[in-house]
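Asker: Structural data only, the sequence is not supplied:
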């Protein structure tokens, strides 16, 4: 993660993973599983670029894109729903697999500027001639290329077409609970630096989060 938003998502995923490992350690009998899914950008969902581009095109432009090299993975609302249901079903059915993090194989990422150009052409107009495309610049905490896996993070085939599992080592739940308390204290004090320290202590990938992003 390179932003506070991404770091909080990763923190939540780590917490679910640790809790699931504790529930599945054999010392307790629990029918409950704690699983998470990693989404790409869901097409036509609230806040996605598709309705934003549509509104900008209908207004006569310009269409705003952050950077010409910005790429993202996309999935449909149906694919997002299927992933949630399939992950829950697999986790309850195949407890021996010890999988708690699921991802959809979304194929190749899409250049955002290509998506904008296609949407303009779909209404019979020509990019740059009828509708301008304006590059607004990458914002703090935003990366050009999306990463669905951490560096050297192991993966596993679960035998379901189009879905793969991430297999990081489960973090210690006691450690996460202490870090959660420290993060809550930092938030109450609005101490951005202290919050960033908590994230950095949790994981090497969270430690890479730029300081400028933590202050947003």
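Answerer: Cool, got the structure. These figures come from a predicted structure and were not determined experimentally.

Asker: is it fair to say residue 174 lies in a helix?
Answerer: Yes - according to DSSP: H, G, I helix; E, B strand; the rest coil, residue 174 belongs to a helix.

Asker: gap between the residue of the chain positioned farthest from its centre and residue 112?
Answerer: Distance from the centre of the chain peaks at residue 129, with 34.9 Å (Cα atoms, centre = their mean). Taking Cβ to Cβ, to the nearest Å as the measure, residue 129 falls 20 Å from residue 112. For every residue, glycine as well, the C-beta is placed using N, CA and C.

Asker: go on, residue 160?
Answerer: Applying Cβ to Cβ to residue 160 and residue 112 gives a distance of 29 Å.

Asker: show me where this protein has strands.
Answerer: For the chain, the strands defined by DSSP state E cover 36-38, 41-42, 63-65, 71-72, 74-75, 101-104, 110-111, 133-135, 155-157, 163-166.

Asker: what's the neighbour count on residue 138?
Answerer: Neighbourhood size, residue 138 [other Cβ atoms under 10 Å]: 13.

Asker: Please disregard the earlier target; I meant residue 92.
Answerer: 12.

Asker: The one 10 residues further on now?
Answerer: Residue neighbour count, defined by other Cβ under 10 Å, stands at 22 for residue 102.

Asker: any low-confidence regions in the protein?
Answerer: 1, 26-30, 95-97, 203-216 (pLDDT under 70).

Asker: Would you map out the domains in it?
Answerer: Following automatic domain parsing, the chain resolves into domains at 1-33+172-216, 35-170.

Asker: List the contacts of residue 162.
Answerer: 104-105 (Cβ atoms under 8 Å, 6 or more residues apart in numbering).

Asker: Look up how far residue 82 lies from it.
Answerer: Taking Cβ to Cβ, one finds residue 162 at 9 Å from residue 82.
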